[in-house]
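**Student:** Give me coordinates for this.
(one chain, ligands or ions: 2)
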Amino acid sequence: MSAVKMCALCEAKKDFNFILFAGRKIFVINCHICCRPMAFTMDHHPKFTYEEREEVRYAFYKALRLQGHIDWKNKNIFDHANAHLR
Ligand SMILES: [Zn+2]
Ligand SMILES: [Zn+2]
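**Tutor:** Numbers count the residues shown, from 1 in each chain. Ligands and ions are numbered 1, 2, ... in the order given. Alright, predicted model coming up:
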């Protein structure tokens, strides 16, 4: 039996159909729970770094040309820092 727990976000980032944006430090996908765009860190850590936050803003507003405000609170998943665009 494997001790490694499967991580939904690590699985999602292998599936290119889900990925809206792949940057240097973050990914953006459509959240499968609330269907809003969600950014998350590539690595497992619960808080965005300053550089990651900058890249999230860049991805949502510049690369994807979306509007709204960024909800920085982790939702449902705590292995990766994650943020939703509302
Ligand atoms: Zn993961
Ligand atoms: Zn969601």
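**Student:** Quick check: residues of the protein near ligand 1?
**Tutor:** Taking C-beta under 5 Å from the ion as the criterion, the chain approaches ligand 1 at residues Cys7, Leu9, Cys10, Asp79. Placement of C-beta: from N, CA and C, glycine included.
**Student:** can you pull the contacts of the last one?
**Tutor:** What it means is Asp79. The neighbourhood of Asp79, defined by C-beta atoms under 8 Å, 6 or more residues apart in numbering, consists of Cys7, Leu9, His44, Pro46.
**Student:** most neighbours, which of the residues you listed?
**Tutor:** Neighbour tally across those (other C-beta atoms under 10 Å): the maximum, 18 neighbours, falls on Leu9.
**Student:** Would you check how far apart the residue nearest to that one when sequence neighbours are not counted and Cys7 are?
**Tutor:** With C-beta to C-beta, 6 or more residues apart in numbering as the measure, His80 is the residue that lies nearest to Leu9, at 5.0 Å, once sequence neighbours are left out. Distance of His80 to Cys7, given as C-beta to C-beta, to the nearest Å: 8 Å.
**Student:** list residues touching both of those two?
**Tutor:** Jointly contacting His80 and Cys7 under the rule C-beta under 8 Å, 6+ apart are His44.
**Student:** Show me which helix runs longest in the protein.
**Tutor:** If you go by DSSP state H, the chain has its longest helix at helix 50-57.
**Student:** List the buried residues in that one.
**Tutor:** Buried positions in helix 50-57, judged by neighbour count with 16 or more other C-beta atoms under 10 Å: Glu52, Arg53, Glu55, Val56.
**Student:** can those go into a markdown table with extra columns for pLDDT?
**Tutor:** Output for those, formatted as a markdown table (pLDDT from 0 to 100):
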| residue | pLDDT |
| --- | --- |
| Glu52 | 98 |
| Arg53 | 98 |
| Glu55 | 98 |
| Val56 | 98 |
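**Student:** re earlier: taking the residues of the chain next to ligand 1, tell me the two that lie furthest apart.
**Tutor:** Across the residues of the chain next to ligand 1, the longest distance by C-beta to C-beta is 8.1 Å; it joins Cys10 and Asp79.
**Student:** Thanks a lot, see you next time.
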